[in-house]
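Novice: 3D model of this:
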Amino acid sequence: MPAVSDLGALYRQAREQVSALVRSLGPQQLETPVPSCPGWTVHDVVSHLAGVANDVITGRLTGIPTPEETAAQVAARSGTPTSIVLREWERTGSQLEVLLGKEGRFAEIPVVDATVHEQDIRGALGMPGNRTGELIDLTLRRPLELFVGKVDSSGLDPVEVTDDAGTHLAGPEDAPVVLRASRFELMRCVYGRRSASQIGRRFAGTDDPGAYVDLLVVFGPAATDIVE
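Specialist: The predicted model follows:
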């Protein structure tokens, strides 16, 4: 994972990527439903991101937001034009960047959140982009470490995680079970943007991929297949 001192810069990069994408959209696109965030539109996703930044800098949020907290963030901005929400996020996000330079267990959460939600928006609109790089890698490092530990504690056969080029990412390299996918697809699987059957097909060397899926996902999995 990048040094904690770099998290502010990474958050700014993620925020600017999302903002540039959203500013390029028309009114109808802003109201597009986002399949990976059921019940939300593109505008709602932006409202959540702005709400996270505001809630962190005001001290209302100190960890992973609850469903009730995210719903409140969206509801509070439901009647606000997206352009105004983006300006709010720019203001509060610049303050959050400073806070993210401080040591803390949850420091990477806003960076990961913005990175994952950028891809939610892109997936909803059919506008792929920014699928590689340090932000994507950051979303994977801690969850994959936790996944390998959970597998070890569960008594299941060990698993090696590799990207689609075969580069080792986590787990013992001689493991009998292998989870292999692009880093982008791994990120989408980890954060519940793929169904259990989609994730299970990424495993080789086991007759029970479902047992591993439950240990891999941070959220989800999705109720239905999501193809981006």
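Novice: Might you list the low-confidence residue ranges for the protein?
Specialist: 1-5, 103-106 (pLDDT under 70).
Novice: how is it carved up into domains?
Specialist: 4-125, 134-216 (automatic domain parsing).
Novice: Save those domains as a markdown table, and put in distance to residue 225 and mean neighbour count too.
Specialist: The way it works is simple: take the backbone N, C-alpha and C, and place the C-beta from them, glycine included. As requested, those are exported to a markdown table (distance: least, CB to CB, whole Å; neighbours: other CB atoms under 10 Å):
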| stretch | distance to residue 225 | mean neighbour count |
| --- | --- | --- |
| domain 4-125 | 10 | 18 |
| domain 134-216 | 5 | 18 |
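Novice: With respect to residue 228, which of those domains lies nearest?
Specialist: domain 4-125 (3.8 Å; CB to CB).
Novice: And the closest residue to residue 21 other than its chain neighbours, how close does it get to residue 6?
Specialist: Of all residues not flanking residue 21 in the chain, residue 121 sits nearest, at 6.4 Å (CB to CB, 6 or more residues apart in numbering). Distance, residue 121 to residue 6, using CB to CB, to the nearest Å: 24 Å.
Novice: for the host helix or strand of residue 86, the distance to its chain's centre please.
Specialist: Under the criterion of DSSP states H and E, residue 86 resides in helix 82-99. Relative to its chain's centre, helix 82-99 lies at 19 Å (CA atoms, centre = their mean, to the nearest Å).
Novice: Kindly report the same for stretch 181-191.
Specialist: The mean C-alpha position of stretch 181-191 is separated from the chain mean by 9 Å, CA atoms, centre = their mean.
Novice: same question, stretch 88-108
Specialist: Centre-to-centre, stretch 88-108 and its host chain are 17 Å apart (CA atoms, centre = their mean).
Novice: Export the helix ranked longest in the chain to CSV, keeping only CA atoms.
Specialist: With secondary structure taken from DSSP state H, the chain has its longest helix at helix 134-154. Extracted C-alpha coordinates of helix 134-154, given in CSV (Å, rounded to 0.1, in the frame of the first residue of the first chain):
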residue,chain,number,x,y,z
GLU,A,134,-1.9,3.0,-8.3
LEU,A,135,-5.5,3.7,-7.3
ILE,A,136,-6.7,0.3,-8.5
ASP,A,137,-3.8,-1.4,-6.7
LEU,A,138,-4.7,0.4,-3.5
THR,A,139,-8.2,-0.9,-3.5
LEU,A,140,-6.8,-4.5,-3.6
ARG,A,141,-3.9,-4.6,-1.2
ARG,A,142,-5.6,-4.7,2.2
PRO,A,143,-8.6,-6.9,1.1
LEU,A,144,-6.4,-9.5,-0.5
GLU,A,145,-4.2,-9.7,2.6
LEU,A,146,-7.3,-10.2,4.7
PHE,A,147,-8.7,-12.8,2.2
VAL,A,148,-5.5,-14.9,2.4
GLY,A,149,-5.7,-14.7,6.2
LYS,A,150,-9.3,-15.8,6.3
VAL,A,151,-8.6,-18.7,4.0
ASP,A,152,-5.8,-19.8,6.3
SER,A,153,-8.0,-19.6,9.4
SER,A,154,-10.9,-21.4,7.7
